[in-house]
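Novice: Pasting a predicted model and its sequence here:
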Amino acid sequence: MTKLSVNINKIATLRNSRGGDIPNVVEAAINCQKFGAEGITIHPRPDERHIRKQDVYDLKSVVTTELNIEGYPDENFLKLVTEVKPTQVTLVPDSPNQLTSDHGWDIHVNKKFLTEVINRLKKEGIRTSVFVDPDSEIIKETISIGTDRIELYTESYAAGYEKNPEKAIAPFVAAAKTANMLGIGINAGHDLNLKNLKYFIDMIPSVKEVSIGHALIADALYLGLKNTIREYLECVRL
């Protein structure tokens, strides 16, 4: 069964645009879980343009499902996550000023660095995932760094879905086959939405978790958060 983890970064972005504490990210996380979400995802960045450091500590005490913290593993990030000890840390190769994640790790180039980071996180009892492109050769390399899971970067799938869904999904099916063969868990995320999510899960039923933020929060403006989460859950139920 694929779990739905709701990324609440956009809730924090809206709050920060006005100052104050409306909308409240802790309350949002509580409600997402109450409405059926099976995880909460956050991506604190160094400039705190959405999720702030204090939010991470505040959320730890209210997330009763799974807390997934994404980020580039510099020393500040690693200090934060080893203090909070979320269920999962997803390592992404973002630069500090990057608007959003837009590529996966080159495992070959970063093998030593990632291996050291993953070993450090595992010693703290934290599940690890690395953000990768749907490239089977790259995924074969992940076995050497000791990660528990990969997160498939799905932007190319989302971009090509409406024109040719079979062509768009093909590299992801191949990548998933490689990961399954190696015994590495599969997560997925980026630009998944109510139009393209069900087909993705139907074609790759071994996906353990999808983390969805931008599209889900945008849909909630029209449908309401409770109804939106229910519709996304229907997409991931086979």
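Specialist: It's in.
Novice: Could you use CA atoms for every contact and neighbour count after this?
Specialist: Noted.
Novice: so where is this structure shaky, pLDDT-wise?
Specialist: Low-confidence segments of the chain (pLDDT under 70): 95-102.
Novice: In it, which residue is most central in space?
Specialist: The chain has Ser211 as the residue nearest its centroid, 4.2 Å off, counting by Cα atoms, centre = their mean.
Novice: wait, what's in contact with the nearest residue to that one once chain neighbours are set aside?
Specialist: Leaving out its chain neighbours, the residue that sits closest to Ser211 by Cα to Cα, 6 or more residues apart in numbering is Ser5, at 4.6 Å. Counting by Cα atoms under 8 Å, 6 or more residues apart in numbering, Ser5 touches Ala37, Glu38, Gly39, Ile40, Thr41, Glu66, Glu209, Val210, Ser211, Ile212.
Novice: what's the farthest-apart pair in these?
Specialist: Glu66 and Ile212 (14.1 Å; Cα to Cα).
Novice: So the two - more neighbours on which side?
Specialist: Using other Cα atoms under 10 Å as the criterion, Glu66 and Ile212 rank with Ile212 on top: 23 against 18.
Novice: hang on, Ile11 is in a strand, isn't it?
Specialist: No - Ile11: not assigned to a strand; according to DSSP: H, G, I helix; E, B strand; the rest coil it is helix.
Novice: isn't it right next to Glu27, touching?
Specialist: No - assessed by Cα atoms under 8 Å, Ile11 is found out of contact with Glu27, at 10.2 Å.
Novice: And stretch 134-149, what's buried?
Specialist: Buried residues in stretch 134-149, counting neighbours by 16 or more other Cα atoms under 10 Å, are found at Pro134, Asp135, Ser136, Ile138, Ile139, Lys140, Thr142, Ile145, Gly146, Thr147, Asp148, Arg149.
Novice: Check the offset of it from the chain's centre.
Specialist: The chain centroid and the centroid of stretch 134-149 are separated by 17 Å, computed with Cα atoms, centre = their mean, to the nearest Å.
Novice: now what about it, what contacts it?
Specialist: 106-108, 111-112, 114-115, 118-119, 127-130, 132, 150, 152-154, 171-172, 174-175, 178-179, 182, 184-187.
Novice: How about stretch 227-235?
Specialist: Stretch 227-235 is contacted from outside by 4, 32, 35-37, 193-194, 197-198, 201, 216, 219-220, using Cα under 8 Å, 6+ apart.
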